[in-house]
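Novice: predicted model and sequence below, questions to follow.
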Amino acid sequence: MKTVSLIGSTGSIGRQTLDVVKMHKDKFSVKCLTARSNVELLLKQAEEFLPEYIGVTDTDKYKELKTFSNNKYKILAPDEANMFASTAADFIVVSCTGINGLLPTINALKNGKNVGLANKETLVTGGKFVIDALREGKGNLFPIDSEHSAVWQSLRAGNEKEVKKVILTASGGPFVDYTKEELKSVTPSMALKHPNWNMGGKITIDSATLMNKGLEFIEAMYLFDLKPEQIEIVVHRQSIIHSMVEYIDNAVVCEMSYPTMIIPIQYAMTYPERSETEIKSLDFCAVGKFDFEKPRYDAFPCLRLALNAAQYGGIMPIVLNAANDFAVYEFLREKIGFIDIAKIVECELNRTVNVNNYSLEDIPLIDREVKERLEGTC
Ligand code: MN
């Protein structure tokens, strides 16, 4: 029996991780659940999965959690909940949003844990520190992002030296065919309807701007030790091929399924084994055909901005992520338009003086600094 600790249990990935646990009760038991603020769902989950520890990181909600939990669980204090959760079980799922995933991920790896990482910001902002922690050799990092899980699965077909490049697939998002003019009038409710994937609000907007693919590009560089020129992005509207690896003999290996996060989550949890899922078997004749296209960099400038930040290195990916975070939030609150997201990110990157020497502790400070500066000027 593997014990599981879940950081961010009430979000989309957190809930689906618990679906996997429910499907394989003989394999997993839940030891710890943390969330940001959704006390109601957290308590419902606790009732069903009976963890020893639960916690929220929001200080106001902490009081609420204490009141309603009836002393059935050990309640973690808000400022230490995620750090505690990062070593509380055999397998740690990091599925919280934003840069809050960074320190728990590193702590888990340093303490020899197996980590299923669903949080992109962790590698985008602190990739080199995560890789340093991995190199200490105690813990393991398994990707939960569907593209990176597909690459990881495809990498089992050859060895590291035989990899030529990685091809990340993108659905293109809900506005794949919109003209630049049409993109000006996109509203949050339009952007929140993704054709293939059902996800949280932030990542759904990132998918619509293609920033999500840019963040995944940076994620892939760290996870698989790739140079930017070894990663190609291809729009594949059907979202059946989740990504591919090309080897030195030009053979391409990919992973396919109907769009689902269950397979990536479960594969990370059961690796190196596989287990049954309730996902439908792929019916190729029903799918009919696969399309592949170049991404439209001109209509979706966020993608190019992310690739540039990846090339620059240093603190640029941290600034990119912070500015994007800020802009997406402003868009969701209807303070800015859809195309302003890229403008804000570009403006912030342009006025940043890059620094190559920074510490792990600097990352949250840079994040806050960028957001405060944008608050004043936007
Ligand atoms: Mn993804």
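Specialist: Received it, and whenever you're ready, just let me know what you need. Here the structure is a predicted model, which means the values were calculated and not measured.

Novice: of all of the stretch 1-150 of the chain, which residue lies closest to the ion?
Specialist: Closest to the ion within the stretch 1-150 of the chain is residue 145: 4.3 Å, counting by Cβ to the ion. Where C-beta positions appear, they are placed from N, C-alpha and C, glycine not excepted.

Novice: contacting residues around residue 128?
Specialist: Residue 128 makes contact with residue 222 under the criterion Cβ atoms under 8 Å, 6 or more residues apart in numbering.

Novice: which element is it on?
Specialist: Secondary structure from DSSP states H and E places residue 128 in helix 120-135.

Novice: buried residues in that helix, which are they?
Specialist: Neighbour counts using 16 or more other Cβ atoms under 10 Å place 120, 121, 122, 123, 124, 125, 126, 127, 129, 130, 133, 134 of helix 120-135 among the buried residues.

Novice: turn those residues into a markdown table, including distance to residue 73 and pLDDT.
Specialist: Listed next are those as a markdown table, based on distance: Cβ to Cβ, whole Å; pLDDT from 0 to 100:
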| residue | distance to residue 73 | pLDDT |
| --- | --- | --- |
| 120 | 30 | 94 |
| 121 | 28 | 95 |
| 122 | 26 | 97 |
| 123 | 31 | 98 |
| 124 | 33 | 98 |
| 125 | 31 | 98 |
| 126 | 30 | 98 |
| 127 | 34 | 97 |
| 129 | 32 | 98 |
| 130 | 30 | 98 |
| 133 | 29 | 97 |
| 134 | 31 | 97 |
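
Novice: out of the residues you listed, which comes closest to residue 54?
Specialist: Using Cβ to Cβ, residue 122 comes nearest to residue 54 of these, at 22.3 Å.

Novice: residues contacting that closest one?
Specialist: Counting by Cβ under 8 Å, 6+ apart, residue 122 makes contact with 94, 99, 101, 102, 105, 130.

Novice: quick one: it from residue 218, how far?
Specialist: Here the criterion is Cβ to Cβ, to the nearest Å. By it, residue 122 lies 11 Å from residue 218.

Novice: quick check: the residue lying closest to residue 302 once chain neighbours are set aside vs residue 82, distance?
Specialist: Leaving aside its sequence neighbours, residue 302 sits nearest to residue 211 (Cβ to Cβ, 6 or more residues apart in numbering; 3.9 Å). In this structure, residue 211 and residue 82 are 25 Å apart, going by Cβ to Cβ.

Novice: go on, residue 283?
Specialist: According to Cβ to Cβ, residue 283 and residue 82 sit 41 Å apart.

Novice: so for these two, which residue has more residues nearby?
Specialist: Neighbour comparison, residue 283 and residue 82: the larger count goes to residue 82, with 26 against 9 (by other Cβ atoms under 10 Å).

Novice: next, the closest residue in space to the more buried one that isn't next to it in sequence: phi, psi?
Specialist: Leaving aside its sequence neighbours, residue 82 sits nearest to residue 104 (Cβ to Cβ, 6+ apart; 4.6 Å). In terms of degrees, to the nearest 10, the main-chain angles of residue 104 are phi -60, psi -40.

Novice: thought residue 104 was touching residue 98?
Specialist: No: taking contacts as Cβ atoms under 8 Å, residue 104 lies outside contact range of residue 98: 12.0 Å.

Novice: how long is stretch 75-82 end to end?
Specialist: With Cα to Cα, to the nearest Å as the measure, stretch 75-82 spans 12 Å from end to end.

Novice: so which bits of it are buried?
Specialist: Neighbour-count burial for stretch 75-82, counted by 16+ other Cβ under 10 Å, picks out 75, 76, 78, 81, 82.

Novice: and the ion, which of these contact it?
Specialist: Near the ion, taking Cβ under 5 Å from the ion as the test, no member of these is found.

Novice: mind putting those in a markdown table, pLDDT and distance to residue 243 included?
Specialist: Formatted as a markdown table, the buried residues of stretch 75-82 follow (pLDDT from 0 to 100; distance: Cβ to Cβ, whole Å):
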| residue | pLDDT | distance to residue 243 |
| --- | --- | --- |
| 75 | 97 | 40 |
| 76 | 98 | 36 |
| 78 | 97 | 37 |
| 81 | 98 | 33 |
| 82 | 98 | 29 |
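
Novice: a markdown table for those, including secondary structure?
Specialist: Shown next, in a markdown table, are those (DSSP: H, G, I helix; E, B strand; the rest coil):
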| residue | secondary structure |
| --- | --- |
| 75 | strand |
| 76 | strand |
| 78 | coil |
| 81 | helix |
| 82 | helix |
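
Novice: next secondary structure element downstream of the host helix or strand of residue 15?
Specialist: Using DSSP H and E, residue 15 falls within helix 12-23. Once the chain leaves helix 12-23, the next helix or strand it forms, by DSSP H and E, is strand 28-35.

Novice: what is that following strand packed up against?
Specialist: Of the remaining helices and strands, those touching strand 28-35 by 3 or more Cβ pairs under 8 Å, 6 or more residues apart in numbering; DSSP states H and E are strand 2-7, helix 12-23, helix 39-49, strand 53-56, helix 81-85.

Novice: appreciated, that's everything.
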